[in-house]
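**Q** with the input below, show me the fold.
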Amino acid sequence: MEHKSNDFFLECEKHWVFWMMILVGGFYGGYTFSVRGGVFCNAQTANVVLFSMAIGNGQWKKAFFLLIPITAYLAGAILSEILAKKVKHYHILRWDTILVGFEILICFFLGALPRSAPDQICQVTLNFICSMQFNTFRQNEGIPMATTFVTNHIRQTGSNLVKAIRDDDPKASLRWKMHASMIGFFAAGVIIATLFCRLLDVRAIWAAMPILLYIFLRLAHADRTYEKPLLERTPHGH
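**A** Here you go, the predicted structure:
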């Protein structure tokens, strides 16, 4: 569904929020791949492929363990869907804001784990968080977008670039630029994570906390001031 340019968007739907959230999403992927087991935590396509291959090869133990991150991702989507409806009725903070605050606590916890802690603790926890983030932040000022992976952003960049040039379509022109910017911020998050992992090893995830804190404070300010009467308003795409 297209939205008119004069539509009102909540603070949690603004461009800057999505840029910062996908930056953090890229950071999570770079972090787990660099220092926590060499895997990506942002999506589950690879895990489903590996799970299916394990079944095909009769590797039942491996299949069982692969169900853990898949289940965590599923649980994150379910829980975020339930809490988003319940939280708004308390008129304190929007669910989007609370989730960012929760991510700050999770990052602190994971960074505090010793190097000897099983990598699966971090992997499964971030599976859960990435699912909640993906399910919560859905539309960037009316444009459907993900904040934890870039596959669709790459497709949308190419598709809308063609439409913008071929059809002289201003909407397509805006869309390809926005999707391309999301790819850029995701890549920047991975680069930042890689650099900090070289310096801080497993503590590197703490570098995501200032970014999340900035998002949290701005969203909380909006919830408690100019958007307080709108706390029950549902963001686009939900």
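
**Q** where in the protein is pLDDT low?
**A** In the predicted model of the chain, residues 1-6 satisfy pLDDT under 70.

**Q** give me phi/psi at the residue of the chain most remote from its centre?
**A** The C-alpha centroid of the chain is most remote from residue 58, which lies 33.5 Å away (Cα atoms, centre = their mean). Reported as degrees, to the nearest 10, the phi and psi values for residue 58 are phi 70, psi 20.

**Q** again with residue 10
**A** Dihedral angles (degrees, to the nearest 10) for residue 10: phi -70, psi 160.

**Q** that one - nearest residue in space that isn't next to it in sequence?
**A** Spatial nearest neighbour of residue 10, excluding adjacent residues (Cβ to Cβ, 6 or more residues apart in numbering): residue 235 at 5.6 Å. C-beta here means a position set from N, CA and C on the backbone, and glycine is covered the same way.

**Q** number of residues surrounding that neighbour?
**A** 18 (other Cβ atoms under 10 Å).

**Q** can you pull the contacts of it?
**A** 10, 12-13, 96, 138-139 (Cβ atoms under 8 Å, 6 or more residues apart in numbering).

**Q** reduced to three states, what does it come out as?
**A** State at residue 235, reduced to three classes by DSSP: H, G, I helix; E, B strand; the rest coil: coil.

**Q** remind me, longest helix of the chain?
**A** Of all the elements of type helix in the chain, the one with the most residues (DSSP state H) is helix 170-200.

**Q** could you point out which element follows that one?
**A** Downstream of helix 170-200, the first helix or strand assigned by DSSP states H and E is helix 209-224.

**Q** elements contacting that following helix?
**A** helix 15-35, helix 95-112 (3 or more Cβ pairs under 8 Å, 6 or more residues apart in numbering; DSSP states H and E).

**Q** only alpha carbons, please: show it as CSV.
**A** Extracted C-alpha coordinates of helix 209-224, given in CSV (Å, rounded to 0.1, in the frame of the first residue of the first chain):
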residue,chain,number,x,y,z
MET,A,209,25.1,0.1,23.2
PRO,A,210,25.7,3.9,22.6
ILE,A,211,23.8,3.7,19.3
LEU,A,212,20.9,1.9,20.9
LEU,A,213,20.9,4.3,23.8
TYR,A,214,20.7,7.3,21.4
ILE,A,215,17.7,5.6,19.7
PHE,A,216,16.1,4.8,23.0
LEU,A,217,16.4,8.3,24.4
ARG,A,218,15.0,10.0,21.3
LEU,A,219,12.1,7.5,21.1
ALA,A,220,11.4,7.8,24.8
HIS,A,221,11.4,11.6,24.6
ALA,A,222,8.8,11.4,21.7
ASP,A,223,6.7,8.9,23.7
ARG,A,224,6.6,11.1,26.8
